[in-house]
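>>> Structure for this input, please:
(one chain, ligands or ions: 4)
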Amino acid sequence: MNGKSYILTLLMISLFFACTTEHTRNTVEKSKGVITVDGIASEKIWQSVPWLPIDQVWLGNPVSPDDFSGKYKLSWSEDALYVLVEVKDDVLLDRFENPLERWWDEDCVEIFIDEDNSGGDHQFNHNAFAYHIDLKGNVVDIIAKDTPKLFNDHIASKRITSGNTSIWEFKISLFSDTFIYGQPAQSISLYDGKKIGFAIAYCDNDSSDQRENFIGSVVVEGEDKDRGWKDAGIFETIQLKK
Ligand SMILES: [Ca+2]
Ligand SMILES: [Ca+2]
Ligand SMILES: [Ca+2]
Ligand SMILES: [Ca+2]
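Numbers count the residues shown, from 1 in each chain. Ligands and ions are numbered 1, 2, ... in the order given. Predicted coordinates for the structure are as follows:
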C-alpha cells in the first residue's frame with residue numbers, strides 16, 4: 001500500500017467509527033415490551049441500549065463525582081418517549097413545599113423536548129418545552145413571563161433512591177407547538193424515523209440559597225450555557241428507530 005492509499009484507508013476507518021458513534025448516540029430504539037414506570041430498570045430494552053452522559057457544566061464550577069454524576073438512556077413506544085436516569089448526588093434537597101416556587105433552585109431533573117425538532121425560541125410559547133421534574137414528581141414549565149404551570153399530565157415518573165443513587169423512569173407524552181395550556185390536547189403519536197429535539201439536565205443544590213450546579217447532556221457553545229429554557233437551538237436531534 002502506498003502512502004496515499006494508506007492515509008485514505010485510515011481516513012475511511014475513522015469516518016466509519018465517527019458515523020457509528022454518532023448513530024449510537026442519536027438513534028433511539030423502540031421498546032418491544034411495555035415499560036412500567038416504577039423506577040426499576042428491569043425491562044429488556046434498558047439492558048440493551050447504551051448509557052449517555054449528563055456531564056456538561058452549564059452553570060457553576062466543575063463538579064466532582066461525589067457531588068454529582070449522571071447518565072441516561074432513551075427508548076420509545078407509539079404513545080411516549082421514555083427516559084431512564086441514574087444520578088449520584090450527595091445531598092437530595094427538596095426546599096420548597098410549593099412546586100411553583102423557584103423550582104430550579106432545588107434538586108430537579110430537567111427534560112427538554114422540541115416535538116418537531118424545529119429549534120428556535122420557546123421562552124414564552126410551546127415551540128418546545130423545558131420540563132422541570134422535582135423530587136416529588138411535579139412537572140413545571142413556564143407558559144408566559146413569570147407564569148409557571150404544572151404539567152403533571154405530560155410526564156409520569158417514579159424515582160427510587162438508595163444511598164446517594166437515584167434511579168428515575170420517565171414517560172413523556174409529546175405535544176405539538178399548537179398546544180394551549182388549559183385546553184384539551186391530544187398527544188402526538190410517535191413513529192419510526194421521527195426526529196425530536198432533546199436534551200436533559202440536572203439542577204444540583206446541596207446546601208445553598210441558589211442552585212450550585214446545572215449539568216446538561218449537550219455541549220452549549222459560548223459564554224451563556226444556560227439557554228435550554230428559552231432556546232431549542234441548543235438541543236440535540238434524536239431519531240426514533242423501530
Ligand atoms: Ca421499569
Ligand atoms: Ca451534590
Ligand atoms: Ca418546535
Ligand atoms: Ca443535590
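>>> Close to ligand 1: what parts of this protein are there?
36, 38, 40 (C-beta under 5 Å from the ion). In this view, the C-beta of every residue, glycine as well, is placed from N, C-alpha and C.
>>> Now tabulate those residues in TSV and tack on neighbour count.
Putting these into TSV (neighbours: other C-beta atoms under 10 Å) gives the following:
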residue	neighbour count
36	12
38	12
40	13
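>>> and of those, the nearest to residue 106?
Nearest to residue 106 among the residues of the chain next to ligand 1: residue 38, at 23.7 Å, using C-beta to C-beta.
>>> Next SSE downstream of the lowest-mean-pLDDT helix or strand in the chain?
The weakest-scoring helix or strand in the chain, judged by mean pLDDT, DSSP states H and E, is helix 3-26 (a mean of 55). Scanning forward in sequence from helix 3-26 by DSSP states H and E, the next helix or strand is strand 27-29.
>>> quick one: buried residues of that following strand?
Within strand 27-29, the residues that count as buried by 16 or more other C-beta atoms under 10 Å are 28, 29.
>>> After that strand, which helix or strand is next?
That would be, after strand 27-29 and using DSSP H and E, helix 44-48.
>>> model confidence over that following helix, on average?
Helix 44-48 comes out with an average pLDDT of 97.
>>> Over to stretch 151-170?
98.
>>> With stretch 214-227 instead?
97.
>>> residues in contact with the residue most central in space within the chain?
By C-alpha atoms, centre = their mean, the chain has its centre lying nearest to residue 200, at 2.4 Å. Residue 200 is in contact with 54, 72, 83, 85, 109, 110, 111, 112, 216, 217, counting by C-beta atoms under 8 Å, 6 or more residues apart in numbering.
>>> same deal with residue 179?
Counting by C-beta under 8 Å, 6+ apart, residue 179 has contacts 126, 185.
>>> Next one: it from residue 113, what distance?
Shown here: residue 179 relative to residue 113, a distance of 11 Å by C-beta to C-beta, to the nearest Å.
>>> what do you get for residue 135?
21 Å.
>>> more crowded one of the two?
The neighbour count for residue 135 versus residue 113, taken as other C-beta atoms under 10 Å, is higher for residue 113 (26 against 17).
>>> How confident is the prediction for that one, by pLDDT?
pLDDT at residue 113 comes out at 98.
>>> Now that it has come up, it's in contact with residue 197, right?
Yes: Residue 113 lies in contact with residue 197 (C-beta atoms under 8 Å); the separation is 7.1 Å.
>>> which neighbours do those two share?
Common neighbours of residue 113 and residue 197 (C-beta under 8 Å, 6+ apart) are residue 128.
>>> Find the nearest non-adjacent residue to residue 210, please.
residue 105 (5.4 Å; C-beta to C-beta, 6 or more residues apart in numbering).
>>> quick one, phi/psi of the one you found?
phi -100, psi 10 (degrees, to the nearest 10).
>>> Based on its surroundings, how many neighbours for it?
Quick note: residue 105 (other C-beta under 10 Å) scores 17 neighbours.
>>> before we move on, what about the one 4 residues further on?
For residue 109, the tally of surrounding residues (other C-beta under 10 Å) stands at 26.
>>> which SS state does it fall under?
strand (DSSP: H, G, I helix; E, B strand; the rest coil).
>>> Kindly report the same for the one 4 residues further on.
Using three-state DSSP, the structure places residue 113 in strand.
>>> wait, what's in contact with it?
Residue 113 touches 81, 128, 129, 131, 172, 174, 196, 197, 198, counting by C-beta under 8 Å, 6+ apart.
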